[in-house]
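**Q** here's a sequence, model it:
(chains A, B, C and D)
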2 protein chains.
Amino acid sequence: MIAKPCRNYPTTHMTKQPSTVGFSTYERIKHDIIFGELAPGTKLKLEALRTRYAAGVSTLRETLNRLASDGFVAAEEQRGFFVTPVSREDLIEIANLRVLLECHALRESVENGDADWEGNVVAAHHKLHLMEKRMLSGDESEKETWKRCDWEFHLALIQACNSRNLLGLHSTLYDKYLRYQMLVLTYRGAVAVVEHKEIFDAALARDTATATRALERHILNGLEHTLEALDKSANP
Amino acid sequence: MIAKPCRNYPTTHMTKQPSTVGFSTYERIKHDIIFGELAPGTKLKLEALRTRYAAGVSTLRETLNRLASDGFVAAEEQRGFFVTPVSREDLIEIANLRVLLECHALRESVENGDADWEGNVVAAHHKLHLMEKRMLSGDESEKETWKRCDWEFHLALIQACNSRNLLGLHSTLYDKYLRYQMLVLTYRGAVAVVEHKEIFDAALARDTATATRALERHILNGLEHTLEALDKSANP
DNA sequence: TAAAGCAATAATATCTGATATTTCTTAAAT
DNA sequence: ATTTAAGAAATATCAGATATTATTGCTTTA
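**A** Next up, the predicted model:
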């Protein structure tokens, strides 16, 4: 679970677009799972996917195997592939792991980050804040863009942690967490804005303890919020 | 959400024997990478693998994609698959991540483990210790068995951490770390025995702080040892 | 009526072979 | 020596064939 070319690589000098069918199919199916277009538990029949994604069976199986290793798809022996189901417990696990890994990465990053790192963090926070203002004013037309900004902000913060392995694991975890957020479709705009600002300020001030504490609260508040929405949608 | 027991299989809890070619190939290639039979950086040509593992190209590609997601194989766009290279930095990252995840899991486990957990830990440590005595007396004929016991001990310790996701990540990390150990082929018998005992005692005494500290030292000592051997083999 | 059995259907797992495209190798040319 | 061009090798992808297994629906039986 290390290579995550699409996001980790800077968009500046993309030496070669990975234009293979396999890669693009992987991206599309993963996207559809994260954003709920393929609901949790859905049976992924090869024939159906073949027409939906215009790819051959072999390519699809490669893709699904990859997604299975990532944990977005469950491969059941002789029974085929399913979108990984969701559960309260799983969400809690994911969130706690994200706290563990992201806080650790943030600590390292804040202590090692150079001028470049600072610059990227400032830029990412600025872009995120612009989006947040638009969201707060009621313009929810670009939720995906907003989420990308959120991702880029969180990534920028931990980018200087000096561990590709850590960044890779975190990326997958973020995506899994994101799926739950997309699932319940509820936002906690104003609060999250403040939390982002707190993390941002503490990180730039190189106040490791405050930054990690704020990040932990940020993630756990999100968890609580998502759990509530999840329970509500389960018991209407 | 709860995985129901396989319909056809008897209730005996043998690890379900997935008889598919895909799974067995996956296991075998992964094994060969971890135990160095496929050296780091090796080009994995489909034709060669086809004869070596007696599997079709499609199955092999599925397998390699899965291993690529796990991080044991590097898939290069249009250029095929390679055994993931090793490096000093990567080893350090892996070890540090293992410390982070395994210590966290151990803490949870020690605080939540029930009688079953204790029983399994005692059993696993006993078996490990038997193997260790054989190794110390010069019988190195079963290094793989010994390593399996080491794995089972470490796993038993964290088994009660209540997070499948965490256990999954840890398992992969352990294997990656193991590859480096197998690579340098050096053992630090007596020292590791003592360290295992320390962890074991503290865990059973529910002394979380001591247990995690001992585990951290155990892993970091191993890292240092492996790094030295790695440097030595690089600069002869 | 419910459980058990069984045939028909659907879907998966796997291999082979074909094709287009890309990368690698080698040898000629500047 | 570096570049270039042709040929060989390897990958990425698809389609089709087959064997095996899972699912479904109907029939029988208790």
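**Q** distance of A:Glu108 relative to DNA strand C?
**A** 35 Å (C-beta to the nearest atom of the strand, to the nearest Å). For every residue, glycine as well, the C-beta is placed using N, CA and C.
**Q** my bad, A:Asn65
**A** Taking C-beta to the nearest atom of the strand, one finds A:Asn65 at 9 Å from DNA strand C.
**Q** tell me how many other residues crowd that residue.
**A** A:Asn65 has 24 neighbours, counted by other C-beta atoms under 10 Å in any protein chain shown.
**Q** ok, now A:Ala229?
**A** For A:Ala229, using other C-beta under 10 Å, the count is 17.
**Q** likewise for the one 4 residues further on?
**A** As a burial measure, A:Ser233 scores 12 neighbours (other C-beta under 10 Å).
**Q** what's the answer for A:Ala211, then?
**A** A count of neighbours around A:Ala211, defined by other C-beta under 10 Å, yields 24.
**Q** what do you get for A:Tyr53?
**A** 18.
**Q** how deep is A:His125 tucked in, by neighbour count?
**A** 23.
**Q** now do A:Leu130
**A** Residues within reach of A:Leu130, counting by other C-beta under 10 Å, total 12.
**Q** what does A:Leu91 give?
**A** For A:Leu91, the neighbour count with other C-beta under 10 Å is 21.
**Q** could you find the closest non-adjacent residue to it?
**A** A:Tyr180 (5.0 Å; C-beta to C-beta, 6 or more residues apart in numbering or on different chains).
**Q** isn't the one you found up against A:Thr84?
**A** No: applying C-beta atoms under 8 Å as the test, A:Tyr180 and A:Thr84 come out as separate, 11.4 Å apart.
**Q** between those two, point out the one with more neighbours.
**A** Shown here are A:Tyr180 and A:Thr84; by other C-beta under 10 Å, A:Tyr180 has more neighbours (24 against 21).
**Q** re earlier: show me what the helix or strand hosting the residue nearest to A:Leu91 is packed up against.
**A** Under the criterion DSSP states H and E, the helix or strand holding A:Tyr180 is helix A:164-184. Helix A:164-184 is packed against helix A:5-8, helix A:21-34, helix A:88-112, helix A:143-158, helix A:208-234, helix B:88-112, with contacts defined by 3 or more C-beta pairs under 8 Å, 6 or more residues apart in numbering or on different chains; DSSP states H and E.
**Q** do that again at 6 Å, thanks
**A** helix A:21-34, helix A:88-112, helix A:208-234 (3 or more C-beta pairs under 6 Å, 6 or more residues apart in numbering or on different chains; DSSP states H and E).
**Q** give me the average confidence score over the helix or strand just after the first one.
**A** Pointing back at helix A:21-34 there. Where DSSP H and E defines the elements, the next helix or strand beyond helix A:21-34 is strand A:43-44. Throughout strand A:43-44, pLDDT has a mean value of 98.
**Q** next one: stretch A:53-62
**A** 97.
**Q** and that stretch, anywhere near chain B?
**A** Yes: judged by C-beta under 6 Å from any C-beta of the partner chain, stretch A:53-62 and chain B are in contact via A:58, A:61-62.
**Q** compare the residues you listed and tell me which is most surrounded.
**A** A:Glu62 (25 neighbours).
**Q** for chain A, give me the ranges with low pLDDT.
**A** Residues of chain A meeting the criterion pLDDT under 70: A:1-18, A:235-236.
**Q** could you list the contact residues of it toward DNA strand D?
**A** A:20-23, A:50, A:54-59, A:62, A:77-79 (C-beta under 7 Å from any atom of the strand).
**Q** name the nearest residue to the residue lying farthest from the centre of chain A, sequence neighbours excluded.
**A** In chain A, the residue that sits farthest from the middle, by C-alpha atoms, centre = their mean, is A:Gln78; the gap is 30.4 Å. In this structure, A:Gln78 finds its nearest non-sequential neighbour in B:Thr20, 7.0 Å apart by C-beta to C-beta, 6+ apart.
**Q** all set now, cheers.
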